[in-house]
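Q: Kindly generate the corresponding structure for this input.
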Amino acid sequence: MTSIQLTFPTEVPLILVLRKTLAWTKHEQPDQVLKDWLSFPRKMTLPLQLEGDKLELGKDFDFPSFAQTPDILVFSLNLNSQELEIHGIHPNQTLDLAPLSLSAKNGILEVFFEWSYFSVGDPERDAMKIGELHPGKNLEFRINGKRDFSLTGRRDRSYMEQSFWIQELGSIRRAESSKGKEFPFELPKPDKLVDLRKLLW
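A: Next up, the predicted model:
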């Protein structure tokens, strides 16, 4: 059984953001360094699929209410927790997905990186614009860092690597939910890869 959850008067670009994180302590150091052990699988299942201008969600989800049609609709899926969030970006607004931020400019998604100790860890890296996401394009972003709590005597030094996949799936005018479904999805090769990982030891 399906139910319409959301409709828009005009088509709205739909952006998929996948996030994958690996964290470990100095006693759990992975054998591979700066390898593709955190790369995204090319074939996976997702709780959503796009058919024409209709988005189908494979589980019940309460869509946020929008006072006006957003410039861009963002579906952010954490692959570790399988938590799915829906965000609408309006002109001159920024969506914070630390360490990345997304903003809409004339219907085009701009992606920015800003370093912080808590969202990335050392070493510090310069803030930058990662790129723009045009229709049918995608990009992948990788970052790593370490945080040292050993001086406090409470926790060991920890390491973290994060990967982001950002892709425009198309445009939608309506969305439906269908409880309990998973949809096959295949990632293409990234049109752009930004890798800011550093040697941490």
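Q: Am I right that Asp195 is in contact with Leu139?
A: No. Asp195 is beyond contact range of Leu139, at 11.2 Å (criterion: C-beta atoms under 8 Å). All C-beta spots, glycine's among them, are computed from the backbone N, C-alpha and C.
Q: residue ranges with poor pLDDT in the protein?
A: 1-4, 27-38, 60-64, 67, 107, 149-155, 201 (pLDDT under 70).
Q: show me the biggest strand of it in terms of residues.
A: strand 2-25 (DSSP state E).
Q: Does anything pack onto that strand? Which helices or strands?
A: If you count contacts as 3 or more C-beta pairs under 8 Å, 6 or more residues apart in numbering; DSSP states H and E, strand 2-25 packs onto strand 54-57, strand 72-78, strand 158-178.
Q: after it, next one along is what?
A: The helix or strand immediately downstream of strand 2-25 is strand 43-46, counting by DSSP states H and E.
Q: List the strands paired with the helix or strand following that following strand, with their directions.
A: Per DSSP H and E, the first helix or strand lying C-terminal to strand 43-46 is strand 48-51. Strand pairing for strand 48-51, using DSSP bridges, gives strand 54-57 (antiparallel).
Q: any idea how far the partner strand is from the chain center?
A: Relative to its chain's centre, strand 54-57 lies at 18 Å (C-alpha atoms, centre = their mean, to the nearest Å).
Q: quick one: strands adjacent to the longest strand of the chain?
A: strand 72-78 (parallel), strand 158-178 (antiparallel).
Q: what would the ones you listed look like in JSON lines with mean neighbour count and distance to Lys59?
A: Putting the strands paired with strand 2-25 into JSON lines (neighbours: other C-beta atoms under 10 Å; distance: least, C-beta to C-beta, whole Å) gives the following:
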{"stretch": "strand 72-78", "mean neighbour count": "21", "distance to Lys59": "12"}
{"stretch": "strand 158-178", "mean neighbour count": "19", "distance to Lys59": "7"}
